[in-house]
Structure formats: C-alpha cells, structure tokens
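Participant: 3D, please:
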Amino acid sequence: MKLVMSDTKTGKTYQAEIPKEKEGSVVGLKVGETIEGGLVGAGGYKLQITGGSDKDGVPMRPDVSGGRRKKVILSGGPGIRVKERGERRRKTVRGNVVTADIMQLNTKVVEAGEKKLEELFPPKPKEEKKE
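Facilitator: Take a look at the predicted model:
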C-alpha cells in the first residue's frame, strides 16, 4: 500500500510504501482518523487520513459509510468534476473505511516530528532522457 503524506506548512507531498506486514494496522480505520508516522519511517509524526483510492482508481469518500464500492449521486467533491452549475451524476465511489483493496492512502501531517520530512524522504534524482 502506498502512503502519500502532505505537509500543509510547506505544500509538498512525500510518498512511502507501507510494508505488507504492517498493512493490517491501517485496515479498518476511517477517513479522519490518525495513524503513527513510524509505520513508514517517519517517527514522531502523526498523520490524518484524508482519503485514498483502490486498485482501479476508485476514490474514497468520507460521507459514504463502509468499505465497499457504491454508486451514489454526486454534485461535487472527491470522485467527480462538475462542468455546469447544478449538475449531478451517478458515480462509483468507495466508502470511508480502509480495506485491503485500497492501494493508495492519502494523509496530511497533523503533528510534526523532530526531523523534516524532506530529510526522511529525499527526492529521487531525475533520469536523463536518452535520444
């Protein structure tokens, strides 16, 4: 499971992989709950779950209960982009509970640790294009 951490103070995001053996500690939590950053090597950090998406890219919605997929009528927010004012569409979304089907979990930093996230997760060097 991939974990995306957003630092609201700097506006940057960092990615880390949750090990398979630790995924069980996240399964069953809801959107809005907090997890420990030590899960991915960011000790001292507290992260709040803001959403995520499953293996097919279906987004999680905080207002849909449960962990399964469901077709709901949406007029805005995660899972839909409205083009006209007042437009509503039926879309498939996932509930607010983290399950084993979730591939990406989005979080934001609630409480910072001693080290900066930039030091813990240094940016990868960009590869040069071959001609």
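Participant: The residue nearest to residue 100 when sequence neighbours are not counted: how many residues sit nearby?
Facilitator: Among residues not flanking residue 100 along the chain, residue 27 sits closest, at 5.9 Å (C-beta to C-beta, 6 or more residues apart in numbering). For glycine as for every other residue, the C-beta is placed from the backbone atoms N, C-alpha and C. Here the number of neighbours of residue 27 (other C-beta atoms under 10 Å) works out to 14.
Participant: middle-most residue in this structure, spatially?
Facilitator: For the chain, the residue nearest the mean C-alpha position is residue 106 (1.3 Å; C-alpha atoms, centre = their mean).
Participant: all strands of this structure, in order?
Facilitator: Under the criterion DSSP state E, strands of the chain are mapped to 2-7, 12-17, 34-36, 46-54, 69-74, 89-94, 102-111.
Participant: List the buried residues in the fourth one.
Facilitator: Pointing back at strand 46-54 there. By 16 or more other C-beta atoms under 10 Å, the buried positions in strand 46-54 come out as 46, 47, 48, 49, 50, 51, 52, 53, 54.
Participant: Let's have the residues you listed in JSON lines, adding pLDDT and distance to residue 77.
Facilitator: Formatted as JSON lines, the buried residues of strand 46-54 follow (pLDDT from 0 to 100; distance: C-beta to C-beta, whole Å):
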{"residue": "46", "pLDDT": "93", "distance to residue 77": "25"}
{"residue": "47", "pLDDT": "93", "distance to residue 77": "21"}
{"residue": "48", "pLDDT": "95", "distance to residue 77": "17"}
{"residue": "49", "pLDDT": "95", "distance to residue 77": "16"}
{"residue": "50", "pLDDT": "94", "distance to residue 77": "12"}
{"residue": "51", "pLDDT": "93", "distance to residue 77": "10"}
{"residue": "52", "pLDDT": "94", "distance to residue 77": "14"}
{"residue": "53", "pLDDT": "94", "distance to residue 77": "14"}
{"residue": "54", "pLDDT": "93", "distance to residue 77": "17"}
